[in-house]
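Peer 1: Sharing a sequence plus its predicted fold:
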Number of protein chains: 2
Amino acid sequence: MTFPDPPAAHIRTYNFRMRKHVLLYGLLGGVLIAGLKFIEYRWLVVEYSVEIYGGLVAAVFASAGIWLGVRLTRRTRQTETVVVREVVVAAPTKFVCDQQKLVSLGITPREREILGLIAEGLSNKEIAARVFVSENTVKTHSSRVFDKLGARRRTQAVQLAKEFRLIP
Amino acid sequence: MTFPDPPAAHIRTYNFRMRKHVLLYGLLGGVLIAGLKFIEYRWLVVEYSVEIYGGLVAAVFASAGIWLGVRLTRRTRQTETVVVREVVVAAPTKFVCDQQKLVSLGITPREREILGLIAEGLSNKEIAARVFVSENTVKTHSSRVFDKLGARRRTQAVQLAKEFRLIP
DNA sequence: CGCAAAATCATCCTTTCGGGTGACGCGCGC
DNA sequence: GCGCGCGTCACCCGAAAGGATGATTTTGCG
């Protein structure tokens, strides 16, 4: 029986400890009961002895209970304290398009797509074939996106798009 | 009486709650004692009644103690220390031109310079003005570098040059 | 539904690019 | 000196790119 992931292992440790505590607790109770029984015969029977015994038992078990309660939660506390939040500052991994910039420039998804294909070095004709539209449509899209970017050439558009983090 | 900062407010709440718990605890004990006293006179006195009462008291106070112990430490759990570990993956490294690739492709310094200016989005005319040569010269350089890179368009040349690490 | 934005396609025109070719000068090494 | 690489410049021509404008269809949304 294995526990591959850390959480399961933690739970197991917890249960084991709890069981140990319960056993200890029961043993303590038994000893106390025996002690009471012993005292009942040896000691003088005074008035309110039941109340005294009861209070004694209550006090002992209460402190034991508090101790146990603290003890039980301490383990939980320990696992919760080790909260390591890894904050990745600069991830060179995946490119995320700057959506804000796209919106602020008013660039539509289609235009951004054409922009990306332009950046890949494709001609208008190749782009048209790639996205299944006429070359005129590609020219319209590119013209619009150049206008929105403030570019006069496709190379300039690519440069600006990379600066604005619109394309990888 | 106000508590401006959260930490002080927490501590006070803690003490207040603790006191409240102790009071509640005492009250519960008193009620139980009274209950036991009441039962002592009304119920038939059986053998081991003391043990039964003791066990009862023990059980009640033990559970109450556990509850109290958990309750007391739960507050402490709130002040868990969150370890924020910032992991810097990769700093924006300085660009170094791949000289080997440059040589293997047979690209001359002047051609590489023109290539860089093309990548910046400049037109042939602008490049010519920048490097003080005629536009025809720029065209010759660009034509040559396109041929060496295997590019048919300047955008494609830029793409390939970036792949080959010839330009930033 | 009706409107507006987006996407589509077209036409005309100008500019830019890219390919091809040829030529000239300069420095360097054989 | 001669060849060679490099940089320079010129001309021509076709292709590609870019600008301007208009129109139609599709689509998302109140």
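Peer 2: Alright, I've got the coordinates. Numbers count the residues shown, from 1 in each chain, chains lettered A, B, ... in the order given.

Peer 1: where are the low-confidence patches of chain A?
Peer 2: Along chain A, segments meeting pLDDT under 70 span A:1-93.

Peer 1: and with 50 instead?
Peer 2: The model of chain A has pLDDT under 50 over residues A:1-26, A:29-30, A:41, A:44-45, A:75-81.

Peer 1: how about the residues of it near DNA strand D?
Peer 2: Applying C-beta under 7 Å from any atom of the strand, one finds that chain A approaches DNA strand D through A:123-125, A:139-140, A:142-143, A:146-147, A:152-155, A:157. Backbone N, C-alpha and C define where each C-beta goes, glycine included.

Peer 1: Can you tell me which of these is nearest DNA strand C?
Peer 2: For the residues of chain A next to DNA strand D, the minimum distance to DNA strand C (C-beta to the nearest atom of the strand) is 4.0 Å, reached by A:Thr140.

Peer 1: Around DNA strand C, pick out the residues from chain A.
Peer 2: A:106, A:108-111, A:131, A:133-134, A:136-137, A:139-141, A:153.

Peer 1: what about 6 Å?
Peer 2: A:Thr108, A:Pro109, A:Arg110, A:Glu111, A:Val133, A:Ser134, A:Asn136, A:Thr137, A:Thr140, A:His141, A:Arg153 (C-beta under 6 Å from any atom of the strand).

Peer 1: from the residues you listed, which two are the most distant?
Peer 2: A:Pro109 and A:Arg153 (22.9 Å; C-beta to C-beta).

Peer 1: okay, the two: which has more neighbours?
Peer 2: Counted by other C-beta atoms under 10 Å in any protein chain shown, A:Pro109 and A:Arg153 do not tie: A:Arg153 has more neighbours, with 16 against 8.

Peer 1: if we can go back for a sec, who wins for most neighbours among the residues of chain A next to DNA strand D?
Peer 2: A:Ala157 (26 neighbours).

Peer 1: isn't that one right next to A:Val145, touching?
Peer 2: Yes: using C-beta atoms under 8 Å, A:Ala157 is in contact with A:Val145, at 6.6 Å.

Peer 1: Quick check: neighbours shared by the two?
Peer 2: A:Leu115 (C-beta atoms under 8 Å, 6 or more residues apart in numbering or on different chains).

Peer 1: anything in the helix or strand harbouring A:Ser143 sitting right up against chain B?
Peer 2: Element membership for A:Ser143 (DSSP states H and E) is helix A:135-149. No: using C-beta under 8 Å from any C-beta of the partner chain, helix A:135-149 never reaches chain B; the gap is at least 10.2 Å.

Peer 1: Fine by me, thanks again.
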